[in-house]
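Enquirer: Whatever this is, show me its structure:
(one chain, ligands or ions: 1)
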Amino acid sequence: MLTVDSLSSGYGLSPIIHDCSFGVKPQEILGVMGRNGMGKTTLFKTLMGMLPTWSGEVSINDQSLDKRKPHERVASGIAYVPQGRHVFPTLTVEENILAGLEVTGRREVPEDIYSLFPVLLEMRKRRAGNLSGGQQQQLAIARALAADPKVLLLDEPTEGIQPSIIKEMASSLKEIRDIRGVSILFSEQVLSFSMAVADRVLVIDRGYLVEEFSGSELSEEKMAQYLSV
Ligand SMILES: Nc1ncnc2c1ncn2[C@@H]1O[C@H](COP(=O)(O)OP(=O)(O)OP(=O)(O)O)[C@@H](O)[C@H]1O
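Expert: Here you go, the predicted structure:
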């Protein structure tokens with residue numbers, strides 16, 4: 001599915017991501033965990049082509065994404081929900097989802113989107129800026145799914161979300177994986193969320209991938225040195 005081979009990148013002359021290699025298997029939910037500033041966002045932006053790759057390669061189903069621009073990567077099957085969600089606040093919920101359809105050439109919201117997120121159907125005529133943080137996160141995920149991705153990238157999806165909603169989000173991600181058959185790669189600092197949702201977790205420390213755990217192996221004890229608790 002998604003393969004990342006010896007990827008390095010950074011900003012200007014500062015290297016941030018160092019020689020990262022991993023793969024996301026079909027229908028796998030893979031987490032990347034690490035403290036603030038360890039390189040999660042930089043890694044995701046490099047995968048999306050929003051930052052240049054310094055060396056290494058990203059491919060999807062053995063097709064290299066090298067030199068492809070972000071929108072071309074979306075058309076190749078990677079969709080991205082950035083940290084902070086970035087929905088269009090003055091557009092309605094429906095208009096936000098329609099914006100995600102652009103790369104597919106379709107003009108109507110795919111049916112399963114509203115069954116995955118019934119609250120968005122209820123609120124489809126409301127301005128996105130008036131939704132709660134949790135609802136905006138659902139909308140950002142719905143917009144990404146509208147592009148019909150094979151791999152969904154979520155950068156810190158629980159950031160700014162009430163703890164009571166975090167569990168709901170974990171089951172909603174599993175439902176998306178089951179219904180859409182997508183692979184999901186997310187970054188996180190919230191251990192309970194990763195334990196609830198991930199099949200596997202990679203630990204990022206100062207731009208290096210340093211550990212790998214299966215979801216069932218994850219524990220506070222094992223992660224304590226990599227997260228600020
Ligand atoms: N635009 C930028 N220019 C220069 N350095 C940057 C830029 N954005 C981030 N950095 C640096 O890159 C490093 C990794 O940051 P990154 O945002 O990828 O971390 P993160 O793990 O996603 O953390 P957070 O949870 O805070 O988003 C940090 O040292 C940060 O200061």
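
Enquirer: near the ligand, which residues of this structure show up?
Expert: Residues of the chain lying close to the ligand (C-beta under 6 Å from any ligand atom) are 11, 14, 16, 34, 36-42, 83, 156. C-beta coordinates here come from the backbone N, C-alpha and C atoms, glycine included.

Enquirer: one more time with 5 Å, if that's ok
Expert: Within the chain, the positions near the ligand by C-beta under 5 Å from any ligand atom are 11, 16, 36, 37, 38, 39, 40, 41, 42.

Enquirer: show me the residues around the second one that make contact.
Expert: Neighbour list for residue 16: 9, 10, 39, 42, 207 [criterion: C-beta atoms under 8 Å, 6 or more residues apart in numbering].

Enquirer: This structure: helices as residue ranges?
Expert: 40-47, 70-76, 93-100, 111-116, 118-122, 133-146, 163-180, 191-197, 220-223 (DSSP state H).

Enquirer: excluding its backbone neighbours, what's nearest the residue nearest to the spatial centre of the chain?
Expert: With distances taken as C-alpha atoms, centre = their mean, the residue of the chain nearest its centroid is residue 154 (1.5 Å). Excluding the flanking residues, the one nearest residue 154 by C-beta to C-beta, 6 or more residues apart in numbering is residue 186, at 4.1 Å.

Enquirer: Surely that neighbour and residue 158 touch.
Expert: No - counting by C-beta atoms under 8 Å, residue 186 does not reach residue 158; the two are 9.1 Å apart.

Enquirer: which of these two has more neighbours?
Expert: residue 186 (25 against 22; other C-beta atoms under 10 Å).

Enquirer: So what sits opposite that one in the bridge?
Expert: In this entry, residue 186 is beta-bridged to residue 31, residue 154, by DSSP bridges.

Enquirer: List the contacts of it.
Expert: Counting by C-beta under 8 Å, 6+ apart, residue 186 makes contact with 29, 30, 31, 32, 153, 154, 155, 156, 157, 173, 197, 198.

Enquirer: Relative to residue 181, how far out is the nearest residue to residue 211 once chain neighbours are set aside?
Expert: In space, and not counting its chain neighbours, residue 211 is closest to residue 203: 3.9 Å by C-beta to C-beta, 6+ apart. Computed as C-beta to C-beta, to the nearest Å, the residue 203 to residue 181 distance reads 27 Å.

Enquirer: Looking only at neighbour counts, state which of these two leads.
Expert: Remark: of residue 203 and residue 181, residue 203 carries more neighbours, 20 against 10, as counted by other C-beta under 10 Å.
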